[in-house]
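Engineer: Need coordinates for the following:
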Amino acid sequence: MSRNNEPITVFEHETLRFDKGEKRITPEQFKALQSYYGEGVAFYSLCHNGVQFNEYVGAIQVGNTLIEVLPKADKMGDSKKEEKKWRDILIGMLKAVGNFTIKTTSESSLKIKPNTILDFYFEMFIHEVEFLLHHGLVKKYRKKDGNVTALKGSLLFGKQIQQNLSHQERFYVRHTTFDVEHQLHFILYKTLRLIRHINTNMALQGSIGALLLNFPEMPDLRVSEATFDKIILNRKTQAYKKALEIARLLLLQYHPDVIKGRNHVLALMFDMNKLWEQFVYVSLRKKFNDAGISVTAQTSKYFWKPECGPRSKMRPDIWLKTKDGNIIVDTKWKNLYGHNPSQDDLRQMYVYHEYYEAKKVALVYPGFDDTLIKGNFLHQVSGATTEKECSIIPLPVQDNIKEWQEAIKDKIEEWIKS
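Structural biologist: Residues are numbered from 1 along each chain as shown. Below you'll find the model as predicted:
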């Protein structure tokens, strides 16, 4: 598939319409997105003659048009520079939280610089499969039925009489063979064929074509969530993990247009709130664990029980257990621009203070201002300041992901000690 249009790049919460705006989709693409929206997607909402994107970021490909949705947490600058900056930041965050921890290849080995987040997915998958081919595809034993010229395995009498009555030199048998034709390769081959079908980056076409020539042809396989959930990797197949992770994303998020066959939809989107939470968590985990501070994520506690039915629970983003007491950190992917947090966020932190017996709590935001704001909850009767501290910690976005992670660790550590 060749690219007729340049990718359309927007930021989260922006709107794309077909009747106005500097960046537009076609009425046909809007209909495809409208049809896909009917399946209950949360990536965008429908508006008059267009769609408005939510807090999800990533890539949506409609037919041969790619819509890239990037995160945004600071003031708008030059459009092209901002697009490149936030595309690099998004890719860096995804790699940092473990979605793309590439052990078999390195970023320096990439042949092209990704122009979109989807290019990044495709090229990572290509490199993973190239690595597997280079080191030799894993073989497995499987049962095979068919005609052979030498008797081996067990003879299937019904099939032998049906097919070989006039061919006494042949035997229809069920035997065991040791080859590369198994489920893992069915999945990889299916993903390669999908990428060839939807790829719009000319720089990747040669690599995809070479892989399909060198990869053994496999039968088609219907895949679902259950297909991937049942896969168990062992020592020999552990190297397939990353390729299978990307294959899962691509195959399960691809929605072909079975009616017209033109505007297929592929959506690879991430909830920025969850990605930001994971990013802050992994940035704190190693340093604080080494320092004797336990760092856990999404630790639940029940706090209400009805007379009948399930209990309700609360789940703070990050729980730090120090020798001096508990500390709760909750992440929010938004920029306050100098304003106070929402009342709902503050009420939530007050409850965490109570139920986790926290020494202090904090709301952590991205942004461009690094001024830490300390605050305390007030007494419910007298209105006097209590010892229950709730701080606001902005973490300025940095282009260098590793330096940004170090800055996050230092900022939180400084607040804990203050």
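
Engineer: any idea how far residue 117 is from the residue nearest the centre of the chain?
Structural biologist: For the chain, the residue lying nearest the average C-alpha position, counting by C-alpha atoms, centre = their mean, turns out to be residue 270 (5.5 Å). Here residue 270 is placed at a distance of 9 Å from residue 117 (C-beta to C-beta, to the nearest Å). For every residue, glycine as well, the C-beta is placed using N, CA and C.

Engineer: returning to what we had before: using the three-state scheme, assign the residue nearest to the centre of the chain.
Structural biologist: Three-state call for residue 270 (DSSP: H, G, I helix; E, B strand; the rest coil): strand.

Engineer: From what I see, it and residue 58 are in contact.
Structural biologist: Yes. Counting by C-beta atoms under 8 Å, residue 270 touches residue 58, with 5.2 Å between them.

Engineer: Regarding residue 92, what is its secondary structure?
Structural biologist: Assignment for residue 92 (three-state DSSP): helix.

Engineer: Tell me who's in contact with it.
Structural biologist: Each residue near residue 92 by C-beta atoms under 8 Å, 6 or more residues apart in numbering is listed here: residue 401.

Engineer: what's the domain layout of the protein?
Structural biologist: The chain breaks down into these domains under automatic domain parsing: 8-136+183-272, 140-179, 291-417.

Engineer: quick one on the thing from earlier: which residues do residue 270 and residue 117 both contact?
Structural biologist: Common neighbours of residue 270 and residue 117 (C-beta under 8 Å, 6+ apart) are residue 58.

Engineer: all helices for the stretch 151-300 of the chain, in order.
Structural biologist: Applying DSSP state H, counting those that start in this stretch to the stretch 151-300 of the chain gives helices spanning 157-164, 183-198, 202-214, 225-229, 241-252, 272-290.

Engineer: The third one packs against which elements?
Structural biologist: Yep, that's helix 202-214 we're talking about. helix 117-135, helix 183-198 (3 or more C-beta pairs under 8 Å, 6 or more residues apart in numbering; DSSP states H and E).

Engineer: check contacts around the closest residue to residue 204 other than its chain neighbours.
Structural biologist: With sequence-adjacent residues excluded and distances taken as C-beta to C-beta, 6 or more residues apart in numbering, residue 204 is closest to residue 122, at 5.7 Å. By C-beta under 8 Å, 6+ apart, the contact list for residue 122 reads 195, 199, 201, 204, 208.

Engineer: So among the residues you listed, where is pLDDT lowest?
Structural biologist: Minimum pLDDT across the contacts of residue 122 is recorded for residue 201, with 79.
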